[in-house]
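S.K.: predicted model follows, preceded by the sequence.
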Amino acid sequence: MNGPLLRYLWRRSVRPCLACALAPILIGVVAGGVWPEYRAQARAFGSLFKFAMNLMRSDLLAPDSASFFFQLPFVHPLTILALLLAVAVPTLSLPAAARGRGSLDLLLASGLTRRSLVATTTCAALPFAILVGCAPLLGVWLGATISHATGDLDFPRFARVAFAAALLGFFFTGVAQLLSVLCDDLFGATWRLAAFVLWSLLAEIAGTIWRDGHALKYLSPFGYYEPAQVLAGVGDYPRDCAVLAAGGALAFVLALGAAERRRSA
Amino acid sequence: MAGRAIETEGLTFHYAGGVGVSDVDLTVERGEIFGFLGPNGAGKTTTIRMLLDLLRPDRGAARVLGQPVRAGSGELRRRIGFLPGDLALPAGLSGAQALDLFAALARRAPIRRDETLDRIGFPRQALPRKVKNYSTGMRQMIGLACALQHEPELLILDEPTSGLDPLVRDAVLGLLRDARARGQTVFLSSHVLDEVERLCDRVGVIHQGRLHQVAAIAELRLASRRHVTLAFADGRVERFTSDEPAPRLLERLRAHGEALRSVEIRAAALDEIFRDIVGSADAAERRA
């Protein structure tokens, strides 16, 4: 790992990543404002937003429970997007964006090895994965405080969900880093990452809604990130965490190997 | 300090769409300034990228500062100062931050930074500004300072004076001469043959991926055609170009006897020599 490069990447990425962390916090605050109204009319909401209720696993948690509602900062599409962006900003900038604009040669000719460049970039993204993974927990706490619902929530379970969210961020870090190594420029890496995430979301949605296609969701990283299961105390939390961690680690190792094998840096 | 500055054997790289470089055997001694010449697309940048392990050759090997390029890895490249031909500094940096970043990556104190910036006349008040707001020439100056600031043993410079005005060009040539005087080696590619002629000890000419000639500039001149001007006693002036060996040319001049009043023999300039080498390489290619 290379210290000067790490500092450069942090300095460059810290603002967009902090902005990404704001999204789940704001969602939590808004959820706190809406919670009293929602609790009073949960049944009406349930019939209006059946599709969303299914995705939030109303089969595991009572739709009018605080745990069900306050999982929103963890599962909202904006949170997932923020988590993805926070880790993609540093990992796609090096090496893909730098390769496309021509600054990669200069960096590698200055004493960095290909492996140290990839390892440093991944390490630079990890704190952002943890930060944005844990930001929804702060959102939940703020929202629950606003609506006086802290007593209804099991915060240790929410903390476990935050840990799983950070691992999902680690998974995306590995995948984004691998694509960044394999692709010749930022555009190529970005659209492939977007395609991967879209495919993962579709697999997760299909697996959740279509009973016979339940196995589909396990082809997607989202199949191993199930806040409702953790909050309900069902499912296999250690296995899900292990799959996300192993997936991220595997993608990182593949990225190291691919960087070393490229003919042109 | 063992080993030559650069040594390549059969260095070959083929691009999917065509020629890269083929069987480049090149030696650059320590402490010399070597000019790497060739038309656009000849293979100069490809060769340079292989010397820095930015491209992996299909065949052949390169040693830089006595170490195999690939095995030498990061530690080797910290001993090299590099300026790419198409300079793009990492995004979002100011001039000062770029200089600091590259000094930190090289893990050496930037002992020549101030001197370099002063001599090329870079305005100090512009250092805190973002590089993206610099002119082309200012970016090139920062790139040069990044390469020179830590006094590396070997400088690999791809078109170092591109985008610079004549005064700054002269300053850069002076800096490179001083680097040679300190024992640093300079390997540069350039299209400005006048500069190469003023600066380099030896040159190599690459064309269509093949290295056609490596020689000292003085040797190239001696071996090249000469421009001869004869002034006769009756006022006649005769001009011709000769590629005959010197004894035969002298014999020919002597044959004019007393009629000859004065003789001027001028060696070909480097750009003419360069055109001749490239032209004869093209002709050989066509014959083949």
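M.R.: Sure thing, it's come through. The model shown is predicted, which means the values in this text are computed figures rather than measured ones.

S.K.: tell me which stretches of the stretch 1-150 of chain A form helices.
M.R.: For the stretch 1-150 of chain A, applying DSSP state H, counting those that start in this stretch gives helices covering A:3-40, A:42-48, A:50-55, A:66-69, A:72-75, A:77-92, A:98-101, A:104-108, A:114-146.

S.K.: now swap in chain B and tell me
M.R.: B:44-51, B:69-77, B:95-106, B:113-120, B:136-148, B:166-181, B:193-199, B:217-223, B:246-254, B:270-287 (DSSP state H).

S.K.: wait, which of these is closest to chain A?
M.R.: The closest of those to chain A is helix B:95-106. By C-beta to the nearest C-beta, the value is 3.5 Å. Using the backbone N, CA and C atoms, a C-beta is placed for each residue, glycine as well.

S.K.: contacts for that closest one?
M.R.: The contact list for helix B:95-106, computed with C-beta atoms under 8 Å, 6 or more residues apart in numbering or on different chains, reads A:2-5, A:8, A:106-107, A:110-112, B:78, B:89-90, B:93, B:109-110, B:113, B:122, B:126-129, B:131, B:134, B:138, B:142, B:145-146, B:149-150, B:152.

S.K.: who's in contact with the helix or strand bottoming out on mean pLDDT in chain A?
M.R.: Across the helices and strands of chain A, the lowest-confidence element by mean pLDDT, DSSP states H and E is helix A:42-48, at a mean of 75. Outside helix A:42-48, the residues that touch it by C-beta under 8 Å, 6+ apart are A:38, A:53, A:58, A:63-64.

S.K.: repeat that for 6 Å
M.R.: A:53, A:63-64 (C-beta atoms under 6 Å, 6 or more residues apart in numbering or on different chains).

S.K.: same question, stretch A:253-265
M.R.: A:108, A:114-115, A:118, A:177-178, A:181-182, B:54-56.

S.K.: now render the residues you listed as CSV, adding pLDDT, neighbour count and distance to residue B:180.
M.R.: CSV is the format used below for these (pLDDT from 0 to 100; neighbours: other C-beta atoms under 10 Å in any protein chain shown; distance: C-beta to C-beta, whole Å):
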residue, pLDDT, neighbour count, distance to residue B:180
A:108, 93, 25, 26
A:114, 93, 22, 32
A:115, 93, 16, 34
A:118, 96, 25, 37
A:177, 98, 32, 42
A:178, 98, 27, 44
A:181, 97, 27, 39
A:182, 97, 17, 42
B:54, 93, 24, 25
B:55, 93, 23, 27
B:56, 93, 16, 30
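
S.K.: dump those into TSV; add distance to residue B:260 as well.
M.R.: Below are these laid out as TSV (distance: C-beta to C-beta, whole Å):
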residue	distance to residue B:260
A:108	62
A:114	67
A:115	71
A:118	72
A:177	77
A:178	77
A:181	71
A:182	72
B:54	57
B:55	56
B:56	60
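
S.K.: looking at those, spot the one nearest residue B:232.
M.R.: Minimum distance to residue B:232 across the contacts of stretch A:253-265 is 57.9 Å, recorded for residue B:55 (C-beta to C-beta).

S.K.: correct me if wrong: that closest one contacts residue B:49.
M.R.: Yes. Under the criterion of C-beta atoms under 6 Å, residue B:55 makes contact with residue B:49 at 4.2 Å.

S.K.: what stretches of the stretch 1-150 of chain B score poorly on pLDDT?
M.R.: The model of the stretch 1-150 of chain B has pLDDT under 70 over residues B:1-2, B:72.

S.K.: close to chain A: what parts of it are there?
M.R.: Within the stretch 1-150 of chain B, the positions near chain A by C-beta under 6 Å from any C-beta of the partner chain are B:52, B:54-56, B:73-74, B:77-78, B:82, B:84, B:86, B:88-90, B:92, B:101-102, B:104-106.

S.K.: pull out the buried residues from the residues you listed.
M.R.: Burial by neighbour count, judged by 16 or more other C-beta atoms under 10 Å in any protein chain shown, picks out B:52, B:54-56, B:73-74, B:77-78, B:82, B:84, B:88-90, B:101-102, B:104-106 from the residues of the stretch 1-150 of chain B next to chain A.

S.K.: pick the most deeply packed of the helices of the stretch 1-150 of chain A.
M.R.: helix A:72-75 (a mean of 27; mean count of other C-beta atoms under 10 Å in any protein chain shown).

S.K.: helices or strands next to that helix in the packing?
M.R.: For helix A:72-75, the packing partners by 3 or more C-beta pairs under 6 Å, 6 or more residues apart in numbering or on different chains; DSSP states H and E come out as helix A:3-40, helix A:114-146.

S.K.: could you export the ones you listed to TSV, including columns for distance to chain B?
M.R.: Below are the helices and strands packed on helix A:72-75 laid out as TSV (distance: least, C-beta to the nearest C-beta, whole Å):
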stretch	distance to chain B
helix A:3-40	4
helix A:114-146	7
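
S.K.: include distance to residue B:20 when you put those helices into JSON lines, please.
M.R.: Listed next are the helices and strands packed on helix A:72-75 as JSON lines, based on distance: least, C-beta to C-beta, whole Å:
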{"stretch": "helix A:3-40", "distance to residue B:20": "29"}
{"stretch": "helix A:114-146", "distance to residue B:20": "20"}
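
S.K.: ok, residue A:245 - contacts?
M.R.: Residue A:245 makes contact with residue A:167 under the criterion C-beta under 6 Å, 6+ apart.

S.K.: for whichever helix or strand it is part of, buried residues please.
M.R.: Element membership of residue A:245, judged by DSSP states H and E, is helix A:237-261. For helix A:237-261, the neighbour count (16+ other C-beta under 10 Å) marks A:237, A:240-241, A:243-245, A:247-248, A:251-252, A:254-256, A:258-259 as buried.

S.K.: tell me the one of those nearest chain B?
M.R.: residue A:259 (11.8 Å).

S.K.: so for the closest one, what's the pLDDT?
M.R.: For residue A:259, the model assigns a pLDDT of 95.

S.K.: what of the one 3 residues further on?
M.R.: Here the pLDDT value assigned to residue A:262 is 92.

S.K.: ditto for residue B:213
M.R.: For residue B:213, the predicted pLDDT is 86.

S.K.: OK, contacts around the closest residue to it other than its chain neighbours?
M.R.: In this structure, residue B:213 finds its nearest non-sequential neighbour in residue B:205, 4.7 Å apart by C-beta to C-beta, 6 or more residues apart in numbering or on different chains. Counting by C-beta under 6 Å, 6+ apart, residue B:205 touches B:37, B:212-213, B:277.

S.K.: since that was my last question, I'll sign off now.
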